[in-house]
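Participant: Task: produce atomic coordinates for the following.
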Amino acid sequence: MSWTYLVIAGILEVIFAYVLKQSEGFTRLLPSVMTLLTGLGSFWLLSLAMRTIPMGTAYIIWTGIGAVGAFITGIVFLGETMTSLRAIAAIFIVMGLILMKLASS
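Facilitator: Predicted coordinates:
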């Protein structure tokens, strides 16, 4: 169950980043409230996952899901540029996540 919590926490981290951008510096009410709720939810689920998953592993996977997810969300929904160097960087992050998961099994 801890890995499920961790993945959901990572997904909430992606949503957090997106609605944070939409809040325009906390000047828009609904995105600002969503930023706070998704941030709290993400941290709470991360804390539940850390009950059984080592802290270093959980934190790296959580931030990796957030980073790669925010990268993809920015390209798909916000029109951010996709360059080969950015894609390679995202691939390296995903490879690191896989290795971290394998190392903690």
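Participant: contacting residues around the residue nearest the centre of the chain?
Facilitator: By C-alpha atoms, centre = their mean, the chain has its centre lying nearest to Gly66, at 1.6 Å. Residues in contact with Gly66 (C-beta atoms under 8 Å, 6 or more residues apart in numbering) are Gly10, Glu13, Val14, Phe16, Ala17, Ser42. C-beta here means a position set from N, CA and C on the backbone, and glycine is covered the same way.
Participant: hmm, 6 Å instead?
Facilitator: Gly10, Glu13, Val14 (C-beta atoms under 6 Å, 6 or more residues apart in numbering).
Participant: With Glu24 instead?
Facilitator: Applying C-beta under 6 Å, 6+ apart, no residues contact Glu24.
Participant: Tell me which helix or strand the residue lying farthest from the centre of the chain sits in.
Facilitator: Relative to the centre of the chain, the most outlying C-alpha is that of Thr27, 23.0 Å out, by C-alpha atoms, centre = their mean. According to DSSP states H and E, Thr27 maps onto no helix or strand at all.
Participant: Could you tell me the model confidence score at it?
Facilitator: Listed pLDDT for Thr27 reads 98.
Participant: same check, this time on Ser105
Facilitator: For Ser105, the model assigns a pLDDT of 68.
Participant: quick one: low-confidence parts of this protein?
Facilitator: Low-confidence segments of the chain (pLDDT under 70): 105.
Participant: ok, for Met82, nearest residue in space, not its chain neighbours?
Facilitator: Leaving aside its sequence neighbours, Met82 sits nearest to Ile75 (C-beta to C-beta, 6 or more residues apart in numbering; 5.0 Å).
Participant: Go ahead and report the secondary structure state at the one you found.
Facilitator: Using DSSP: H, G, I helix; E, B strand; the rest coil, the structure places Ile75 in helix.
Participant: mind listing the strands in the protein by residue range?
Facilitator: Read by DSSP state E, the chain holds no strands at all.
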